[in-house]
Structure formats: C-alpha cells, structure tokens
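> got a predicted structure plus its sequence, pasted below:
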Amino acid sequence: EAGVAQSPRYKIIEKRQSVAFWCNPISGHATLYWYQQILGQGPKLLIQFQNNGVVDDSQLPKDRFSAERLKGVDSTLKIQPAKLEDSAVYLCASSWTGANSPLHFGNGTRLTVT
Amino acid sequence: GNSVTQMEGPVTLSEEAFLTINCTYTATGYPSLFWYVQYPGEGLQLLLKATKADDKGSNKGFEATYRKETTSFHLEKGSVQVSDSAVYFCALRMNSGNTPLVFGKGTRLSVIA
C-alpha cells in the first residue's frame, strides 16, 4: 500500500510569514494526526482528526495554527504568523480506527523559521 | 497525564555489541507500548509493539517485554549492526478509545564498525 504522503519536504520562511503543509493519508485510514517534532525531542501531538471531525486539538496553539480535513481524506496544517520557535519537523500520521491500530507516519516537512 | 521516559542519548556502540535502551512509562490504566525507529532522513517506522503485560514484541532482532510491575518496556538487541544507527522512540497508547501515541524524547544510537 502507498504510504502517508507529505509535502513540501522542506520549507524556509521568515518570522511572521505564513506557511501550509499538506498530508495525504493511507487510503481508508479514518484517523489522521499532526505531530510537531522539535530537534532533540519526541513528537508532540498537535491535532487528531477522525474522518473530518476534530478529536483532540488541546495542544494546538490556536492563535497561530489551524488545520482542516474537509473531505475526511487530505489534511492541511497552517501556521500564520510563524515564530522562530515553530522551527521543527511536522509529521503527519494515519491509522485505522481502534486502539491497537498502528500509526503510519509520513517523512515529514522540515520547517525553518529565520 | 500519560508520559514516557527514555534513557538519554546518544548511545555509541561497536558493531556486534549488546544494546539496551531503557524506557519507563506513567499511565492511568493499561496502555499498549511501542518502539518506533527513525533512520536518517526518513519518517518514523514502527519497530515492535506489545499490547498487554508480559507480552514480548520482536522484530529485526530487537525485543522488548511489557513489564507492568516495573512499568517498563526496555529495548534490547543481542548484536547491533552499523545499519541499526538511528533514533529510537518509545511510545504508549491507551487501549480505550481512539487515542494518539505519546512519545518519549528519543535515544540516538550510533554503531561504529
């Protein structure tokens, strides 16, 4: 099966600019996650979708971050305006519904904010 | 809240050495436990998992046993190779509902020939 696709692979922007990341999950996976991985740390959940509904966005900085999954398939994560501390790798993952279903991760988008 | 603590890295070993990466967890209830691996320039890949106490997960020569009494899930391999050089993440996921993975900070392993 095709894996989780993410784009772009790399992005460099200046602070206060906006940026968007795209994710296409594995076909049929109802659950989609966005994680932020800061250098030297483990991935931290930003938002979880079940189909096109938000399950958990408690750690999403909603003043600058937004995400959507309009048709329950692809998802977009946006940052506006970006701050220096947003420099990180943004990982998208998807899974079947169910606690024992493993998460499948994309290769991530590496964001550098200057 | 739920959390995972891993041993600090980096860990540097010679080829064919024995590997242990310690992982302990704190959780309300009984989670499933996972080890993910991240090779240079690649995404996270599931290495192995265990869903209940005393289960042993294994893959590619790596093993980890779910120890409820010590809330641990230590990763071991008897003989590491240069190709095992990567960052290893321990993670948990609660067994109720459709919950996300909670990760540790990761341990970087470098294996030298």
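Cool, the structure landed. Residues are numbered from 1 along each chain as shown, chains lettered A, B, ... in the order given.

> residue B:108 bridge partners, please.
residue B:87 (DSSP bridges).

> how about the contacts made by it?
Applying Cβ atoms under 8 Å, 6 or more residues apart in numbering or on different chains, we find residue B:108 in contact with B:9-11, B:86-88. Heads up, the C-betas are built off the backbone N, CA and C, glycines and all.

> do that again at 6 Å, thanks
Applying Cβ atoms under 6 Å, 6 or more residues apart in numbering or on different chains, we find residue B:108 in contact with B:9-10, B:87.

> may I ask which of those residues has the most neighbours?
In terms of neighbours by other Cβ atoms under 10 Å in any protein chain shown, the contacts of residue B:108 top out with residue B:87 at 19 neighbours.

> that residue touches residue B:38, doesn't it?
Yes: counting by Cβ atoms under 6 Å, residue B:87 sits close enough to residue B:38 to count as a contact (4.5 Å).

> show me where chain A dips below the pLDDT cut-off.
The model of chain A has pLDDT under 70 over residues A:1.

> find the closest residue to chain B in it.
At 3.5 Å from chain B, residue A:42 is the closest residue in chain A, using Cβ to the nearest Cβ.

> so that residue, which of the three states?
coil (DSSP: H, G, I helix; E, B strand; the rest coil).

> identify the residue nearest it in space, chain neighbours excluded?
Take residue A:42 and drop its neighbours on the chain: the residue closest to it by Cβ to Cβ, 6 or more residues apart in numbering or on different chains is residue B:103, 3.5 Å away.

> which ones are touching the closest residue to chain A within chain B?
Using Cβ to the nearest Cβ, the single residue of chain B nearest to chain A is residue B:103, 3.5 Å away. Taking Cβ under 6 Å, 6+ apart as the criterion, residue B:103 is in contact with A:42-43, B:89, B:91.

> coming back round to it: gap between the residue nearest to residue A:42 and residue B:85?
Remark: distance between residue B:103 and residue B:85 (Cβ to Cβ, to the nearest Å) = 20 Å.

> again with residue B:52
From residue B:52 to residue B:85 the distance is 31 Å (Cβ to Cβ).
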